[in-house]
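Enquirer: got a structure for you, letters missing:
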């Protein structure tokens, strides 16, 4: 386990400095103020305008939701029987929080309900593991790695978006940076003890969710090729069949949910600002993860605002648009 837990994944953000060098030509015959160059007034106005433009360009270029992440330093992991690889209880200052990682999904370490068992089977199929019981083994390994990596105080970024769950007070999604600067989700995926799967959003320093997801998918592919973690148990001859079975089962489940008791969305019946997660999922094309993203992205002024949500492009928007509405507040 020590070899796995010592894997290091570092990413450094780099930016380009931008400088504005406005030029000014004094107007011929302009009045002169003693002690000031004739072009100073115009230059000052020009600089003010440039500052305002640059400010709003920078502000507008940041991904939606990137401004509301709150940073907690010197966070500590708390012992809790519900802790696992991607979900754990921490002490952040005076607050006790139950965190759930963005972007990563670790194998389950226990199954106490039918829903848990179904999730274990789904994870086994994703990793191409024919014996679903092996998922528990990797779930315990993921928990051990996370516990080891969070042994020293770490940093948490969260917007307090609900991750649901059965714990008292619920869970919130978060980015977790370990004491040595590693992103916990990236490390778990790199170890093969998590998949690049789950709720997404813009990250710390305004990193786009698409950029983060692409990085994680690259790490996952590398872990698969190197047979790390769960991927060591992958049956290459069966993985395609297992994933196809899961996709077929998911389609059946979605159809049952949408059409049971007549709970399918009528045209213009789902208000983006007030609909529950269940109501949003009644729209064909919106699943549990996307419903959560839509709720976290509120408020909306028009249906087209959904384009700022990760996972919604113009094609999907046109597909779901007929059922959606933004009613006046």
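Expert: Cool, the structure landed. The shown structure was predicted, so the numbers you read here are calculated from the model rather than taken from an experiment. Numbers count the residues shown, from 1 in each chain.
Enquirer: Need the contact partners of the helix or strand hosting residue 137.
Expert: Residue 137 belongs to helix 134-149 when assigned by DSSP states H and E. Residues outside helix 134-149 that contact it (C-beta atoms under 8 Å, 6 or more residues apart in numbering): 1, 4-5, 77, 83-86, 88, 106-111, 120, 123-124, 127, 129, 178, 182, 184, 187-188, 191, 193-194, 229-230, 233. Just so you know, the C-beta spots here come from the backbone N, C-alpha and C atoms, and that holds for glycine as well.
Enquirer: Return the distance of the helix or strand harbouring residue 241 from the chain's centre.
Expert: For residue 241, the host element (DSSP H and E) is helix 239-259. Helix 239-259 has its average C-alpha position 24 Å from the chain's average C-alpha position, going by C-alpha atoms, centre = their mean, to the nearest Å.
Enquirer: Give me the mean pLDDT for that helix.
Expert: The pLDDT scores in helix 239-259 average 83.
Enquirer: And it, what does it pack against?
Expert: On a contact count with 3 or more C-beta pairs under 8 Å, 6 or more residues apart in numbering; DSSP states H and E, helix 239-259 meets helix 114-127.
Enquirer: let's see it at 10 Å
Expert: With contacts taken as 3 or more C-beta pairs under 10 Å, 6 or more residues apart in numbering; DSSP states H and E, helix 239-259 sits against helix 114-127, helix 277-281.
Enquirer: and the first one with helix 134-149, angle?
Expert: Inter-element angle recorded for helix 114-127 and helix 134-149: 90 degrees (by axes from the mean of the first three to the mean of the last three C-alpha atoms, to 10 degrees).
Enquirer: what helices or strands is helix 114-127 leaning on?
Expert: Against helix 114-127 (3+ C-beta pairs under 10 Å, 6+ apart) you get strand 104-105, helix 134-149, strand 195-196, helix 239-259.
Enquirer: Need the contact partners of the first one.
Expert: Taking contacts as C-beta atoms under 10 Å, 6 or more residues apart in numbering, the residues outside strand 104-105 that touch it are 85-87, 119, 122-123, 126, 142, 176, 183-189, 193-199, 216, 220.
Enquirer: Against residue 230, how distant is the residue nearest the centre of the chain?
Expert: Closest residue to the average C-alpha location of the chain: residue 200 at 2.0 Å, with C-alpha atoms, centre = their mean. Remark: distance between residue 200 and residue 230 (C-beta to C-beta, to the nearest Å) = 21 Å.
Enquirer: from the chain's centre, how far out does stretch 207-220 sit?
Expert: Its chain's average C-alpha position is 10 Å from that of stretch 207-220, according to C-alpha atoms, centre = their mean.
Enquirer: scratch that, stretch 115-134
Expert: 23 Å.
Enquirer: Buried residues, that stretch. List them.
Expert: Within stretch 115-134, the residues that count as buried by 16 or more other C-beta atoms under 10 Å are 119-129, 132, 134.
Enquirer: again, but for stretch 74-89
Expert: So for stretch 74-89, counting by 16+ other C-beta under 10 Å, buried means 75, 77, 83, 84, 85, 86, 87, 88, 89.
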